[in-house]
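*Asks:* This is the structure alone, sequence omitted:
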């Protein structure tokens, strides 16, 4: 692993750099598929499903029967675990509801802010080796709580034309209104333009590979919003001698197994801790089924020794980690001063896995340093805030002349007129 | 004006279409300037300022002395009006502060959500004929309230190298930390990459012409967030015979004077009202200083007669207006059922101008139908929400096995391990 001892500040920009991805070369492919789906609708979708997923489908809409069969095949233990996670996620996201903000800014000038749901949202869940049903919980539960009317889900079918049963079970449990067997670029295009079968949506959520990421970016050009820009997953742990090195190593590895481009970083003021964690990683990694992936992403990763908590904190804020585990004696210092992080995990018994699945917080979080300006997915991600105002005759008399003066100073005479007319009428 | 009587639903998509803009042909220019600023820094900025704004500047940073001189030149009446607006905007945005959301989702599983400021934000204010100092109030006031550390502002200089004094006064009053005489694409590029003089920022706010709009889009490719996608300003009024037709006409015209691509729409169930408003527009437009602009945008505009409130409401939600004025007897119906709008103005004495300047609500709002999925600028636009969690030993014992089951079902063994290790330790 890369060990970095007491780096100079001028070297920090290099240290906080993520393993880079190039996307330019796939933009053309994505644009071509978007154009084809916009023109061809379901037929184009089916063509690409045949081409990429190697299956010919009569219908891309998952039937109630398929959902029922799938639900029956999920073990009752797993169902119970999913229910517990659902309950926690529901509680925490329901608590994020905000009341109407209402105030009279001046006598007769009443202003308020209300949040209303985004009417139609689309969730994307990747297929492949790991069926990420947990992401359905993280997206569909807040969408349902927000009051979104249409919550559709696209996920690629396997070569037999089936979707993983746990995905169907979770989708149905969390209030997804329609499930489509469509993956990749064609799924994002379908939700962007709508087809005969797939409704268009106003906002698209969910993870995906590079193709899906570029497709989501392109969707924004067509007026669809997306949850956030995507990048490889990452974890930064700050730990000192109060941390359990085996636990720290297990957390770093749980992030490392996500993909070969995942990044894990350990920051510490204790050289001893760094050395022991390194040995623990070497021991634990060998027995992992996804050892090949974990080994590659460990190559991108860093063990960084810092002089003191202050410089460690500065470096961490410069990095802006998606996941941030705090395993130090002086927790309060890090909790008070962390400015840029997606989600923070505190103490020896709060592994990242807890937030990934079941504690209640969301696991769709800003990567790639985007924690500097983006929130993780939360209840508000499925709503938009609108403002309202109502001015009485008295209010207009009080505020009117200020509006006239400002409008005139900006050279906008018609803006002034709208007030002048009313003031005249009130005389 | 275009009058549309009782349109069929299949024609709605055509009716809600905005006057389109093409941006493809300026993308290359924008990319070239970005590249030059990224490489050349201040020198490149000055070169483009010379080229586009026709002035050679020694320094692009506005000095304290310039600000003081500018402030002295603003009339005390205008200063008073700006102070009144500032006070209202401050009150309404301060009321949007949300408390920490904290809950124990299960015994020993503590989760909370906190919002923290985006550390560095950049505001863009266009130059040209109308000095939009009101936009500074709308952006700098919530930025300051949110706690942003660095709030910089870029605005183009005139041919003498000066910035409109009211802009400097407002910026200084509202807590802008640094003001730069830089406009257009080069300003957005400067705030994206940073130069010797201009700090890079994490999020860029503010209006601009097509070049600025495309530049902001490009900035997002370099990891900078923007307030929202932009489009021409627009207003939709729903009115019946309880509305004052002269007031309605004045509101429509106040929107129409913004630019030739602005769009104004009147929706009504009363044919009589539509006819009278049309005549009022014809009378009022003639005396406007910006009559040429207003006349062109009135050509894009529509008077639409609808059969009943229900179909009117559906059409309005399909359109998703930036500004929505409700001047009808049955206000409650529209207030309850409006799903997609930036800001709503209620009754005969609430002109759009009030919200544009002084009532307290924000005037940076989603255009182009983006009200379907985007909020207008508000306090949260300058913050990001982070989640925290802390699990006790007891909590881990309760939640641990569910996490193990779910991680295993997703094929993520290292995620499971991180829990298994801890559970073993607790036995």
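*Replies:* Great, that's in hand. This structure is a prediction, so every number in the text was calculated from the model and none was measured.

*Asks:* buried set for the lowest-mean-pLDDT helix or strand in chain A?
*Replies:* Of all helical and strand segments in chain A, the minimum by mean pLDDT, DSSP states H and E falls on helix A:291-299, at a mean of 86. Within helix A:291-299, the residues that count as buried by 16 or more other Cβ atoms under 10 Å in any protein chain shown are A:291, A:293, A:294, A:297, A:298. C-beta: built from backbone N, CA, C; applies to glycine.

*Asks:* Was I right to think residue A:338 contacts residue A:314?
*Replies:* No: with contact defined as Cβ atoms under 8 Å, residue A:338 does not reach residue A:314; the gap is 11.0 Å.

*Asks:* For these two, work out which one has more neighbours and name it.
*Replies:* Per other Cβ atoms under 10 Å in any protein chain shown, whichever of residue A:338 and residue A:314 has more neighbours is residue A:338, with 22 against 15.

*Asks:* show me what contacts the more buried one?
*Replies:* A:313, A:316, A:317, A:324, A:344, B:116, B:386 (Cβ atoms under 8 Å, 6 or more residues apart in numbering or on different chains).

*Asks:* okay, the residues you listed in JSON lines with neighbour count, pLDDT and secondary structure next?
*Replies:* Below are the contacts of residue A:338 laid out as JSON lines (neighbours: other Cβ atoms under 10 Å in any protein chain shown; pLDDT from 0 to 100; DSSP: H, G, I helix; E, B strand; the rest coil):
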{"residue": "A:313", "neighbour count": "19", "pLDDT": "98", "secondary structure": "helix"}
{"residue": "A:316", "neighbour count": "25", "pLDDT": "98", "secondary structure": "helix"}
{"residue": "A:317", "neighbour count": "18", "pLDDT": "97", "secondary structure": "helix"}
{"residue": "A:324", "neighbour count": "30", "pLDDT": "98", "secondary structure": "strand"}
{"residue": "A:344", "neighbour count": "24", "pLDDT": "98", "secondary structure": "strand"}
{"residue": "B:116", "neighbour count": "17", "pLDDT": "98", "secondary structure": "strand"}
{"residue": "B:386", "neighbour count": "25", "pLDDT": "98", "secondary structure": "strand"}
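
*Asks:* Return the member of the residues you listed nearest to residue A:105.
*Replies:* Checking the contacts of residue A:338 against residue A:105 by Cβ to Cβ gives residue B:116 as the nearest, at 26.4 Å.

*Asks:* hey, where'd the helices end up in the stretch 51-200 of chain A?
*Replies:* A:64-73, A:76-94, A:133-146, A:165-173, A:184-193 (DSSP state H, counting those that start in this stretch).

*Asks:* Deepest in the core, which of those is it.
*Replies:* Among the helices of the stretch 51-200 of chain A, the stretch with the highest mean neighbour count (mean count of other Cβ atoms under 10 Å in any protein chain shown) is helix A:184-193, at a mean of 27.

*Asks:* so what does that one touch, helix or strand wise?
*Replies:* Under the contact criterion of 3 or more Cβ pairs under 8 Å, 6 or more residues apart in numbering or on different chains; DSSP states H and E, helix A:184-193 touches helix A:24-40, helix A:42-48, strand A:120-124, strand A:150-155, strand A:203-205, helix A:210-221.

*Asks:* quick one: that helix to strand A:150-155, angle?
*Replies:* Put simply, helix A:184-193 runs at 160 degrees to strand A:150-155, going by axes from the mean of the first three to the mean of the last three Cα atoms, to 10 degrees.

*Asks:* ok, residues contacting helix A:184-193?
*Replies:* Here helix A:184-193 has contacts from A:29-30, A:33-34, A:36-38, A:44-45, A:48-49, A:52-53, A:122, A:124, A:152, A:154-156, A:180, A:182, A:198-201, A:204, A:208-209, A:211-212, A:214-216, A:218-219, A:222, A:224, using Cβ under 8 Å, 6+ apart.

*Asks:* Which among those count as buried?
*Replies:* Buried, going by 16+ other Cβ under 10 Å: A:30, A:33-34, A:36-38, A:44-45, A:48-49, A:53, A:122, A:124, A:152, A:154-156, A:180, A:182, A:198, A:200-201, A:204, A:208-209, A:211-212, A:214-216, A:218-219, A:224, out of the contacts of helix A:184-193.

*Asks:* Can you report how many residues lie near the closest residue to residue A:119 other than its chain neighbours?
*Replies:* The spatially closest residue to residue A:119, leaving aside those adjacent along the chain, is residue A:149, at 5.1 Å (Cβ to Cβ, 6 or more residues apart in numbering or on different chains). By other Cβ under 10 Å, 12 other residues sit near residue A:149.

*Asks:* now stretch A:146-154, how far from the chain's geometric center?
*Replies:* Its chain's C-alpha centre and that of stretch A:146-154 lie 16 Å apart, by Cα atoms, centre = their mean, to the nearest Å.
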